[in-house]
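# fold the following, please.
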Amino acid sequence: MKKRVLVNLSNKSKVVPSMKNAVLSIGLIGCTLVLISCQSQVVDTLTITHYSLTNESVKLVQGTPSQQPISILVSYEITDENNEASNVILANGQLVDGELNLTQGVTEPTEVLISVIQGSRLVNPGITAVLKPDSEIEFVVIHSVSSYLDRYWALLKGEDHRSLHENQRFTIKGDLSQLHYFDSKLLQVSVHTEPSVVDGSDDTRQFGPVFVDEDEFSVDGDLEEPTLFTISISLGARSLHRTAVLHAILEPGVNYRVVPWGNQGKFAVVADRDSLQTKLMSNWQFEPEIVALVDTWGDSRRDASLGMESPDKDVYDEEQIRKFQVAEQCDHARLTNDVKSKFIERFKYSYERAADLIVKSWSKSLRQNLQDTQNPELARMIFELSWRQLRDDEIIRAAETDDKLAILKELASILDEKFVAEFITPQIEALVEKERADMRISLLRPGQVAPKFTLTTITGEEVSLGEVLNENELVLLVFWASWCDWCTRSFSELKQLYRRYNDQGFEIVTVSLDDTAEEWETTSKEMKLPWVDLGDSNENKMKNNSSLTADAYEVRLKPDHSYVYGGYFIVSSQIISSNENRFLIDQDGCILNKKVSDDELRELLTSR
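Numbers count the residues shown, from 1 in each chain. Below you'll find the model as predicted:
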């Protein structure tokens with residue numbers, strides 16, 4: 001018969017399977033007795049009560065129990081020879097004079113579930129811990145009350161010790177007192193796995209959550225092989241908000257600490273001996289020039305937030321506006337500085353330049369480590385590590401496409417052909433396409449010639465953009481679809497402008513990217529669109545996201561997401577939101593503005 005002991009806030013026992021890719025999450029909750037949420041402006045009252053669990057009883061250690069009586073349930077799960085599970089209750093009831101005796105103890109280390117019960121209901125999913133015959137487990141019960149929420153939850157206090165085998169043990173500890181801008185009186189630490197970013201495989205394991213004691217936490221467990229962990233630091237009272245994320249490869253027999261990385265509130269994971277973490281991360285992270293760059297990044301980011309680089313930015317922007325180039329055919333276009341300023345190359349702040357140097361060092365170190373290994377499994381782990389850093393690290397996520405491509409190509413030279421074809425090559429192709437799309441978007445700007453097209457009306461009549469331009473001084477081109485709410489909502493204001501200025505040489509051309517001709521026709525007629533309304537169709541079949549016209553203008557109303565190295569991007573398109581589907585074009589076919597708002601359009605039409 002197999003058994004385990006569980007400490008939880010639900011009546012479902014939690015299974016903790018073996019782990020290969022583990023994720024270490026450190027969550028921080030900043031709290032005082034009374035908290036005011038910036039988002040909701042709701043006052044929270046937090047009551048924190050400290051308990052201990054031994055093989056004999058549950059005891060109240062510190063704090064005032066809730067005015068609403070709660071019960072503590074301690075149980076563990078057993079599995080019989082037929083693999084059927086049942087729960088063994090060790091304790092269930094309210095504390096009397098600060099104590100609740102166990103009805104029985106454990107004779108060996110057992111995973112237990114601790115649940116909080118209010119009345120007859122379990123009030124929250126809970127926590128698990130390993131109870132040993134001679135051990136003590138400390139935990140807290142937190143009661144949060146607001147105008148719309150009355151919630152209990154339990155956390156282990158300070159420590160979660162699960163290791164049972166000395167030769168497989170890892171430990172990770174940390175002092176988070178140097179976490180900037182956050183109250184460290186209430187911190188939460190949890191350790192868990194995440195699905196692989198490559199193939200989605202998931203072998204989960206949970207440590208904690210742990211309520212940090214005097215700024216420090218300690219977690220240990222058993223590992224059979226090097227394992228990738230993610231460490232996240234979060235802030236919140238009712239819900240967790242991650243403030244920082246770390247990543248580390250942990251190994252059996254190694255002790256780790258979360259330590260400050262520079263003096264700007266950044267953290268890193270270091271090992272107490274030579275390890276994969278040392279080789280892959282710590283060696284480059286703690287090079288003096290990198291630490292100095294991290295400090296520069298933090299200082300400069302603060303300066304930028306205070307506007308200290310605004311004069312430099314103003315000078316840069318003025319120079320970019322002065323050098324703004326237009327197509328020869330569009331020399332006549334009178335583009336305002338306000339319009340030009342939206343499409344110039346963005347000013348790079350000092351902290352961004354420091355980040356670029358850090359990323360270059362990170363990329364070089366990572367590629368060198370890939371060159372030094374011939375182990376495909378380690379190479380895959382390095383790939384997972386780099387992806388998560390690109391996704392989560394506020395410095396490294398600034399990596400340019402060239403750095404990402406260099407890492408992927410290094411991986412392609414090490415991993416087997418099947419893996420490369422299935423996972424690496426698509427990432428390389430997606431990044432190359434993203435770079436091309438970004439380039440096309442940057443070229444399709446005011447002062448350039450608008451791509452020509454010929455499409456059909458609902459009645460099948462062909463209309464070219466050139467024809468419409470020949471008959472009008474200004475044309476507003478708008479891409480839309482019947483299911484695009486903000487597209488159709490904008491038509492009310494456009495109708496007013498159209499009625500007022502149509503006889504003064506102003507025309508509107510809308511291009512439907514609907515899925516079917518029926519959807520386009522029905523909505524167009526219902527809305528009684530007064531202008532030139534076209535659709536990209538072939539034999540009455542709409543092309544929607546395969547529209548060559550939409551491609552020419554780099555528009556997608558239905559984003560074509562690609563999960564590319566380090567995150568998502570929209571293949572061959574802009575991420576469409578309000579006004580990004582609009583292009584203002586003059587009689588000579590030159591783009592005068594894009595992403596033009598109703599106010600900007602009204603001002604321009606009024607001033608003519």
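# pLDDT weak spots in the protein?
In the predicted model of the chain, residues 1-44, 65-66, 123-124, 180-185, 235-242, 538-547, 557-579 satisfy pLDDT under 70.
# can you give me the domain boundaries for it?
2-164+180-249, 454-607 (automatic domain parsing).
# Glu400: what's it in contact with?
Listed by CB atoms under 8 Å, 6 or more residues apart in numbering, the contact partners of Glu400 are Asp356, Val359. C-betas here are computed from N, CA, C, even on glycine.
# sorry, that was for Lys157
Residues counted as contacts of Lys157 (CB under 8 Å, 6+ apart) are His50, Glu138, Phe139, Val140, Val210, Phe211, Asp213.
# equivalent analysis for Ile142, please.
Leu46, Thr47, Ile48, Thr49, Tyr152, Trp153, Ala154, Leu155, Phe211.
# most surrounded residue in those residues?
With neighbours taken as other CB atoms under 10 Å, the top of those is Leu155, carrying 27 neighbours.
# distance of Ser399 from Glu603?
Quick fix: residue 399 reads Ala, not Ser. Distance of Ala399 to Glu603, computed by CB to CB, to the nearest Å: 40 Å.
# out of those two, which sits in the busier spot?
Ala399 (24 against 10).
# just checking, that one touches Val359?
Yes: under the criterion of CB atoms under 8 Å, Ala399 makes contact with Val359 at 4.7 Å.
# where exactly do the helices run in the stretch 501-608 of the chain?
Taking DSSP state H, counting those that start in this stretch as the criterion, the stretch 501-608 of the chain contains helices spanning 517-527, 548-552, 598-607.
# could you say what helices and strands the first one packs with?
For helix 517-527, the packing partners by 3 or more CB pairs under 8 Å, 6 or more residues apart in numbering; DSSP states H and E come out as strand 532-535, strand 541-542.
# repeat that for the last one.
Using 3+ CB pairs under 8 Å, 6+ apart as the contact test, the elements touching helix 598-607 are strand 474-480, helix 491-501.
# mind listing what's buried in whichever helix or strand comes after the first one?
Right, strand 474-480. Where DSSP states H and E defines the elements, the next helix or strand beyond strand 474-480 is helix 485-489. For helix 485-489, a neighbour-count test (16 or more other CB atoms under 10 Å) marks Cys487, Thr488 as buried.
# ok, Ser177 touching Val212?
No: counting by CB under 8 Å, Ser177 does not reach Val212; the two are 9.7 Å apart.
# re the thing from before, format the helices of the stretch 501-608 of the chain as a markdown table; extra columns: distance to Ile458.
Formatted as a markdown table, these follow (distance: least, CB to CB, whole Å):
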| stretch | distance to Ile458 |
| --- | --- |
| helix 517-527 | 5 |
| helix 548-552 | 16 |
| helix 598-607 | 25 |
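# looking at those, which is nearest to Gly307?
Gly307 sits nearest to helix 598-607 of all those, at 26.0 Å, using CB to CB.
# what's next to that closest one, contact-wise?
With CB under 8 Å, 6+ apart as the test, helix 598-607 has contacts from Leu474, Leu476, Ser490, Glu493, Leu494, Leu497, Arg500, Tyr501, Gln504, Phe506, Leu584, Asn593.
# can you rerun that using 10 Å?
336, 338-339, 474, 476, 490, 492-494, 496-497, 500-501, 504-506, 508, 578-579, 582, 584, 592-593, 596-597 (CB atoms under 10 Å, 6 or more residues apart in numbering).
# ok, of those, which come out buried?
Taking 16+ other CB under 10 Å as the criterion, what is buried in the contacts of helix 598-607 is 339, 474, 476, 490, 494, 497, 501, 506, 508, 579, 582, 584, 592-593, 596.
# show me the beta-bridge partners of Ile591.
Assessed by DSSP bridges, Ile591 has beta-bridge partners Ile585.
# contacts only, for it.
Contacts for Ile591 (CB under 10 Å, 6+ apart) come out as 326-327, 330, 333, 335, 339, 343, 444-451, 477, 553, 583-585.
# now do the most far-flung residue of the chain relative to its centre against Arg440, distance only.
Relative to the centre of the chain, the most outlying C-alpha is that of Asp503, 49.1 Å out, by CA atoms, centre = their mean. The spacing between Asp503 and Arg440, counted by CB to CB, is 36 Å.
# next: Glu216.
Distance of Glu216 to Arg440, given as CB to CB: 52 Å.
# quick one: the strands in the stretch 51-200 of the chain?
Taking DSSP state E, counting those that start in this stretch as the criterion, the stretch 51-200 of the chain contains strands spanning 57-62, 70-79, 85-93, 99-101, 110-118, 121-122, 127-131, 137-145, 150-157, 159-161, 169-175, 188-192.
# show me which of Ser177 and Val212 is the more surrounded one.
Val212 (27 against 12).
# from what I see, the more buried one and Leu186 are in contact.
Yes: between Val212 and Leu186 there is a contact at 7.9 Å, judged by CB atoms under 10 Å.
# distance from the longest helix along the chain to the middle of the chain?
If you go by DSSP state H, the chain has its longest helix at helix 350-372. Centre-to-centre, helix 350-372 and its host chain are 21 Å apart (CA atoms, centre = their mean, to the nearest Å).
# in that helix, what counts as buried?
For helix 350-372, burial by neighbour count (16+ other CB under 10 Å) applies to 350-352, 354-356, 358-359, 361-363, 365-367, 369-370.
# one more: stretch 379-399?
Residues of stretch 379-399 classed as buried: 379-393, 395-396, 398-399 (neighbour count, 16+ other CB under 10 Å).
# thinking again about what came up before, any shared contact partners between Ala399 and Val359?
Counting by CB under 10 Å, 6+ apart, the common neighbours of Ala399 and Val359 are Gln389, Leu390, Asp393.
# before we move on, back to that, any idea how far the residue farthest from the centre of the chain is from Asn472?
Distance of Asp503 to Asn472, given as CB to CB: 11 Å.
# okay, strands next: where are they in the stretch 251-400 of the chain?
Counting by DSSP E, counting those that start in this stretch, the stretch 251-400 of the chain has strands at residues 255-260, 267-271.
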